[in-house]
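> Curious how this folds, go ahead:
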Amino acid sequence: MYQIDAYEYSYLLVTLPIMWLIYYFYLRWKRKTQTNFARPELLDSLSPNRSKFKPTLKVILLSLVFVSLILALMNPKIGTQLETVKREGVDIVFAIDVSKSMLAEDIAPNRIEKSKRLVSAIINQLASDRIGIIAYAAQAVPQLPITTDYSAAKMFLQALNTDMLSSQGTALDSAIDLSGTFFDDQDQTNRVIFLISDGEDHSQEASNAAARAAELGIKIFTFGVGTENGAPIPLKRNGIVESYKKDLEGEVVITKRNQQVLEAIAAATDGAYQNGNDTQQVLDFVNEQLKAMDKKEFEAKKFVSYKDRFQDFLIIGLALLFFDLFLFETKTKWVQ
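So this is what the prediction gives:
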């Protein structure tokens, strides 16, 4: 197991393509200048020991030095001690709507990004609960099974997008039924589904699915994103809006948050509905609900000790830099 201390330094890697682009234009300028000065045969006779490969090799070495130093700045750590610890918590499954209607921008930056940020904020305030993630549109697909690995959960969360499922629509019943299969502990007294959606339901079976979940002892808390006034669904290319989604009659589709559907689902399982547009309100609500629930004790393996590994990358970078200093641009005699 590993972790990174300073992810922000990873942005320095974007300078590598810039470095190679500058080197490419430098080579073009150099060759053009040399061609204007003399023919290639004459240049070879004027500098017979000039290596054609070593200048590029030096740039490659400098690039590796740069990457090594950036990795050292990021300070990767490797887990060195794994222990089994006792934890108490409830089992939570996040069911996140990834249908095209979640692209509507009636809540900034859009519904899907707002949902992901909301779930991330909830995970940040959890302590020892187990969590799972599913994504759904016209069908539901599992993303992350029940786990205590919050870092993995955030990684899977960031990968969610509206293009991950080819079949479109919003089948809330499918999301609820699949979420119910995630609870693998028969002794867990509190099983919770956090369903994040705009409430548009194309299956009309959500109430029946909620009733089935209630029979399994599952509580569903729903969080609605979007506004009741609604917004069109933008169709973008390279981040630029080209048009808006239209129906069969050529009219622009306006997607609205359906609060009534989400309230009915929550009520069927003795849960509750919250406006997902207000992040702080949701966090306070979730904290209050989880505190009131009985916690189930379980065992989980956890790395309790990490060792810094930045030294390895620093040594590699300095060694490559030292080698580069003694790498001249003339031909190597023993190779000749």
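
> where exactly do the strands run in the stretch 101-250 of the chain?
In the stretch 101-250 of the chain, the segments counted as strands under DSSP state E, counting those that start in this stretch are 130-136, 140-147, 191-197, 218-224, 231-232, 234-237, 240-244.

> looking at these, which is closest to residue 88?
With C-beta to C-beta as the criterion, residue 88 lies closest to strand 130-136 of the strands of the stretch 101-250 of the chain, at 10.6 Å. For glycine as for every other residue, the C-beta is placed from the backbone atoms N, C-alpha and C.

> partner strands of that closest one, parallel or antiparallel?
According to DSSP bridges, strand 130-136 forms sheet pairs with strand 91-97 (parallel), strand 140-147 (antiparallel).

> Show me the contact partners of that strand.
89-99, 119, 123, 140-148, 150, 153, 156-157, 160, 164-165, 170-172, 174-175, 178-179, 182, 298 (C-beta atoms under 8 Å, 6 or more residues apart in numbering).

> Where do the helices of the protein begin and end?
Counting by DSSP state H, the chain has helices at residues 15-37, 40-46, 54-74, 111-124, 150-158, 172-180, 206-215, 259-268, 279-292, 310-325.

> what comes up buried for the fourth one?
What it means is helix 111-124. Buried positions in helix 111-124, judged by neighbour count with 16 or more other C-beta atoms under 10 Å: 111, 112, 113, 114, 115, 116, 118, 119, 122, 123.

> now for that helix, which elements pack on it?
Applying 3 or more C-beta pairs under 8 Å, 6 or more residues apart in numbering; DSSP states H and E, we find helix 111-124 packed against strand 91-97, helix 150-158, strand 191-197, helix 279-292.

> can I get the helices of the chain in JSON lines with mean pLDDT and distance to residue 247?
Putting the helices of the chain into JSON lines (pLDDT from 0 to 100; distance: least, C-beta to C-beta, whole Å) gives the following:
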{"stretch": "helix 15-37", "mean pLDDT": "84", "distance to residue 247": "43"}
{"stretch": "helix 40-46", "mean pLDDT": "66", "distance to residue 247": "66"}
{"stretch": "helix 54-74", "mean pLDDT": "87", "distance to residue 247": "49"}
{"stretch": "helix 111-124", "mean pLDDT": "95", "distance to residue 247": "19"}
{"stretch": "helix 150-158", "mean pLDDT": "91", "distance to residue 247": "31"}
{"stretch": "helix 172-180", "mean pLDDT": "92", "distance to residue 247": "21"}
{"stretch": "helix 206-215", "mean pLDDT": "92", "distance to residue 247": "23"}
{"stretch": "helix 259-268", "mean pLDDT": "94", "distance to residue 247": "20"}
{"stretch": "helix 279-292", "mean pLDDT": "93", "distance to residue 247": "32"}
{"stretch": "helix 310-325", "mean pLDDT": "87", "distance to residue 247": "55"}
